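# Following is a predicted model, sequence given first.
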Amino acid sequence: MLDVSSFLPWWLPLSVLAWAVQMAVFHGVGLFFEWSDRTGMLSSFKVRDIERLTYFQLLPRVLFNQVFILLPAMVAFQCAGLAFTGAPHLSALHFVAGMVLMGVGHDVVQYIFHRFVLHRPGLIRKLGHSVHHSTGASKSISACYMSPADFFLEIVLPYLVPLALIGAGADVFFHLTVASFGAIGGLYEHSGYDFAVRLLRDAGSHSRLRLLTWLAAAVTSKAHGEHHRRSNVSFSDGFGSPGICDTIFKTRWDMAEAAQKAADQQS
């Protein structure tokens, strides 16, 4: 296997490299979605188009959060020995397990802060989560359009806390993969595109329909769109998320209404 870590210069911390790659992926994919918005190339997949702010109106706050909140936090975690340090390589089993645990950990940490802190009536404005909800999840880079406090609680901690807990060492490929996938997932969820909308058309056989139904559930961006529309559903459920907490607490967008009706009948 290629020893990627051997190419890192001594003056470049892994945390900074991971951040830089994440920025390249985030803004590269973000520009692709913006280009698609302007040209209509993917218009058949566009299901939400209600954004008030333009790409360049969203960009300054996004860059502030990424440069002055995310980057220092990543460097601080490395300096404290909590992440981006240790063994330079993970075994294949550790790599796969780490990816799975990152998904689970992100789901749990984000759910806790998103539902129980940021959506508390007395805190949603004080912590600035209302800034993010002023967007309609229909412009990709609005994924990071937040107040600094909101960004730290909803983006930074759900990324770095699980990373510190799973012991991913200093495996460059692992860290770049996690950072890149996280960026793509957030952009897609807020892009207003849903690549699941055409999967179930002309499915054909029953077995193919079952496969496409599963695939549509895996790639849909509907959960986060519903969160922005209804506010009190799908706090961590969405593209790339296992949706564990929303399922357990019945706050998933497709479960919440039935759960509320059942609770009302019991009371």
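Yep, it's here.
# Buried residues, the longest helix along the chain. List them.
Taking DSSP state H as the criterion, the chain has its longest helix at helix 14-39. By neighbour count on 16 or more other C-beta atoms under 10 Å, the buried set for helix 14-39 is 14-15, 17-19, 21-23, 25-27, 29-30, 33-34, 36-37. C-beta coordinates here come from the backbone N, C-alpha and C atoms, glycine included.
# same thing with stretch 237-250?
237, 238, 239, 240, 241, 243, 245, 246.
# next one: stretch 134-150
135-150.
# for residue 193, phi and psi?
phi -100, psi 150 (degrees, to the nearest 10).
# Just to check, it is in contact with residue 219?
No: if you go by C-beta atoms under 8 Å, residue 193 and residue 219 don't touch, sitting 10.3 Å apart.
# what's near enough to touch residue 263?
Residue 263 makes no contacts at all, as judged by C-beta atoms under 8 Å, 6 or more residues apart in numbering.
# quick check, residue 169 in a helix?
No: counting by DSSP: H, G, I helix; E, B strand; the rest coil, one finds residue 169 to be coil, located in no helix.
# For it, list the residues it contacts.
Taking C-beta under 8 Å, 6+ apart, one finds 85, 86, 87, 88, 89, 90 in contact with residue 169.
# What score does the first one have for pLDDT?
pLDDT recorded at residue 85 is 95.
# just use 47 as the starting number from now, easier for me
Understood, numbering begins at 47; the last thing we discussed is residue 131.
# Name the nearest residue to residue 191, sequence neighbours excluded.
residue 104 (4.9 Å; C-beta to C-beta, 6 or more residues apart in numbering).
# again but with residue 238, I slipped
residue 184 (3.3 Å).
# now swap in residue 232 and tell me
In space, residue 232 is closest to residue 189, 3.8 Å off (C-beta to C-beta, 6+ apart).
# Run through the residues that contact that neighbour.
So residue 189 contacts 232, 233, 235, 236 (C-beta under 8 Å, 6+ apart).
# so the second one is in which element?
Following DSSP states H and E, the helix or strand that holds residue 233 is helix 218-235.
# what comes up buried for that helix?
Under 16+ other C-beta under 10 Å, the buried positions of helix 218-235 are 218, 220-235.
# For residue 108, see how far away residue 90 is.
27 Å (C-beta to C-beta, to the nearest Å).
# typed the wrong thing, it's residue 137
From residue 137 over to residue 108 the distance is 36 Å, taken as C-beta to C-beta.
# who has more neighbours, the two?
residue 108 (20 against 11; other C-beta atoms under 10 Å).
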